[in-house]
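Novice: Pasting the sequence and the predicted coordinates here, then a few questions.
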Amino acid sequence: MVWESQPSPLRNDEDTRRSFIMTGTSSDELDATLAALTNDPRVTIRRNGAPDPDGRCVVYWMQRAQRGQDNHAVDLAVKIAAALDLPVVVYFAGISNFPHANLRHYAFLNQGLVDVEEDLAARDIGFVMRRAPHESHERFFADVQAAIVIGDENPMREPERWRKQLASALEIPFWTVDTDVVVPSKLIEKAQYGAYTIRPRIQRLLPDFLHPYENLKAHRPWRRPGGLHTDSVHEDITRGWKELDRSVEPVAAWRGGTHAALKRLRYFTAHMLEHYDTARNKPEIDGSSCMSPYLHFGHIGPLTIALAVEEAAKKHPKLRPARDAYFNELIVWRELAVNFVKYTPNYDSHECAENWAKETIAEHARDEREFLYKLADLEHAKTHDDLWNAAQTQMVRHGWMHNVMRMYWAKKILEWTPDVKTAVKYAIHLNDKYFLDGRDPNGYAGVAWAILGKFDRAWGERPVFGKIRYMSGASTGRKFDSKKYMQQMKVLPEQVSLF
Ligand SMILES: Cc1cc2nc3c(=O)[nH]c(=O)nc-3n(C[C@H](O)[C@H](O)[C@H](O)COP(=O)(O)OP(=O)(O)OC[C@H]3O[C@@H](n4cnc5c(N)ncnc54)[C@H](O)[C@@H]3O)c2cc1C
């Protein structure tokens, strides 16, 4: 397939002419090499121009894709560095005020950074982490004399704002790489109405992107300049951060990082995939992949997971239906959520509902609620509903919740709060505070689906919900061994370990 190409990143730029003194290649050759790299639909040129001819390295500012292997942004940085005959260094800025992040999130992230450093070292690529208050990007790029900066992509509001700010502040080129989706998100050119509209597009594009990563070694090893400030990933990244919310504790059952993610993936494809389609609907058994926290932090890319599942299905054709069911979640629903956040500026507000949903919500705004709970009642699992309380306990103590329970959990928040605005606000607050995979497009899409009927259709009318799909405790609890699930949640986290 031929993709629409971007304007040449170099042509007509005077600096180009000088940059060949470094490489010994002709300016046209380098221009052609870089232009070919930008033809990749994963790549976006955020700031045009030629690499700094006095630059001493290519920098990848790693923000979303926190992994040293299976990362298209690392591969691109290595290729550009080879064309420029320069080493590559990856930079991670440990900021202390990431929106809604608390100790639980940072501890998981911290574990992942150890794997990043190790995996990059094996590829002769440098890694520097600087934590607040030493995390200024501009300072780092100047310290190492970056010739060009590569970044990654994240459709969420704040990280996108940072990228735009950086693009306007930098005087060297800045390209980003969409490596945390299987199908590059810009190829799905507009907001999708539902899984049924994005699915055929993804199915058409998928064969072009189900290809292994290159995992190239750096052409020139990076040597750390003497005196360069670097913080250790083996120490607590949060030490001394006085403003950080430390009330949400790390969860011992989860270990962050690429190596733990790959271990779980191997176990999943070898022992669990076969039964995924039915087991994924049973909250009381360990039946789903548990990849969501790793995907959220970029410790693993969705393509790595998709390729492992595809490989298993090739070896054992009986796994094909399971592969299709899994791809429907990992690629169709997950990339629908990315599309939703990318094209919906108010993705975390009740205002993002479709018109039919807004109408039915307005019609039922004054319906009497049988139970009304305050945020603290919900947070501390103090409701009349044991099944809901068990789900809330799983969230708070385990940092994760089963998909079936997430649906039920969010729908009850709509039922038990005074209005839809409050319901969305409480659900997102709890989702982002406690889940390791929170603060993610999937969370905003999930809450919008459950409370606002987004990506769903209108159902039979009933009090409070109007035409938004309803879930009752009795029917939800009958579909699996809910007694066992509630019992398990009483002993969390000590007796439930995923690994
Ligand atoms: C109200 C609500 C809130 C949610 N909040 C989050 C959240 O904060 N973060 C998050 O990652 N997911 C969220 N989800 C989606 C889903 O519940 C989780 O992704 C899934 O339970 C994670 O478990 P798993 O990795 O074992 O999934 P598996 O069943 O093994 O699926 C594999 C991957 O597919 C993707 N996936 C699975 N189900 C969905 C789905 N319904 N929508 C989008 N992608 C999906 C996930 O990336 C998941 O890791 C939410 C869903 C709802 C209804």
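Specialist: All right, it came through fine.
Novice: What pLDDT does the model give the residue of the stretch 51-200 of the chain found nearest the ligand?
Specialist: Sorted by distance to the ligand under C-beta to the nearest ligand atom, the residues of the stretch 51-200 of the chain start with residue 195, at 9.1 Å. C-betas here are computed from N, CA, C, even on glycine. In this prediction, residue 195 carries a pLDDT score of 98.
Novice: Look up how far residue 297 lies from it.
Specialist: Distance, residue 195 to residue 297, using C-beta to C-beta, to the nearest Å: 25 Å.
Novice: Who has more neighbours out of these two?
Specialist: Counted by other C-beta atoms under 10 Å, residue 195 and residue 297 do not tie: residue 297 has more neighbours, with 25 against 16.
Novice: For that one, give me its contacts.
Specialist: Residue 297 is in contact with 66, 108, 109, 112, 256, counting by C-beta atoms under 8 Å, 6 or more residues apart in numbering.
Novice: Can you flag the buried ones in these?
Specialist: Among the contacts of residue 297, those scoring as buried are 66, 108, 109, 112, 256 (criterion: 16 or more other C-beta atoms under 10 Å).
Novice: With pLDDT as extra columns, can I get these in CSV?
Specialist: Output for the buried ones among the contacts of residue 297, formatted as CSV (pLDDT from 0 to 100):
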residue, pLDDT
66, 98
108, 98
109, 98
112, 98
256, 98
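Novice: Relative to residue 434, how far out is the residue lying closest to residue 102 once chain neighbours are set aside?
Specialist: Of all residues not flanking residue 102 in the chain, residue 245 sits nearest, at 4.0 Å (C-beta to C-beta, 6 or more residues apart in numbering). Distance, residue 245 to residue 434, by C-beta to C-beta: 11 Å.
Novice: Based on its surroundings, how many neighbours for residue 60?
Specialist: 31.
Novice: In terms of helices and strands, where is it?
Specialist: Assessed by DSSP states H and E, residue 60 sits inside strand 57-61.
Novice: That strand pairs with which strands, and in what direction?
Specialist: strand 88-94 (parallel), strand 146-152 (parallel) (DSSP bridges).
Novice: just those strands: most buried one?
Specialist: Ranked by mean neighbour count under mean count of other C-beta atoms under 10 Å, the strands paired with strand 57-61 are led by strand 146-152, which reaches a mean of 26.
Novice: In which helix or strand does the residue nearest to residue 102 reside?
Specialist: Using DSSP H and E, no helix or strand contains residue 245.
Novice: Correct me if wrong: it contacts residue 103.
Specialist: Yes - look at residue 245 against residue 103 with C-beta atoms under 8 Å: they come within range, at 6.8 Å.
Novice: neighbour-wise, which of the two wins?
Specialist: Between residue 245 and residue 103, counted using other C-beta under 10 Å, the more crowded position is residue 103 (18 against 14).
Novice: would you list every one of the helices in the stretch 51-200 of the chain?
Specialist: For the stretch 51-200 of the chain, the helices defined by DSSP state H, counting those that start in this stretch cover 72-84, 103-121, 137-144, 157-169, 195-209.
Novice: repeat for the stretch 201-350 of the chain
Specialist: So, for the stretch 201-350 of the chain - with DSSP H, counting those that start in this stretch - the helices run 258-267, 276-279, 292-296, 302-315, 320-327, 334-343.
Novice: Would you convert those helices into CSV that also reports distance to residue 438?
Specialist: Below are the helices of the stretch 201-350 of the chain laid out as CSV (distance: least, C-beta to C-beta, whole Å):
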stretch, distance to residue 438
helix 258-267, 17
helix 276-279, 23
helix 292-296, 8
helix 302-315, 18
helix 320-327, 22
helix 334-343, 13
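Novice: Now those in TSV, please, with extra columns for mean pLDDT and distance to the ligand.
Specialist: Formatted as TSV, those follow (pLDDT from 0 to 100; distance: least, C-beta to the nearest ligand atom, whole Å):
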stretch	mean pLDDT	distance to the ligand
helix 258-267	98	10
helix 276-279	94	7
helix 292-296	98	4
helix 302-315	98	7
helix 320-327	98	6
helix 334-343	98	4
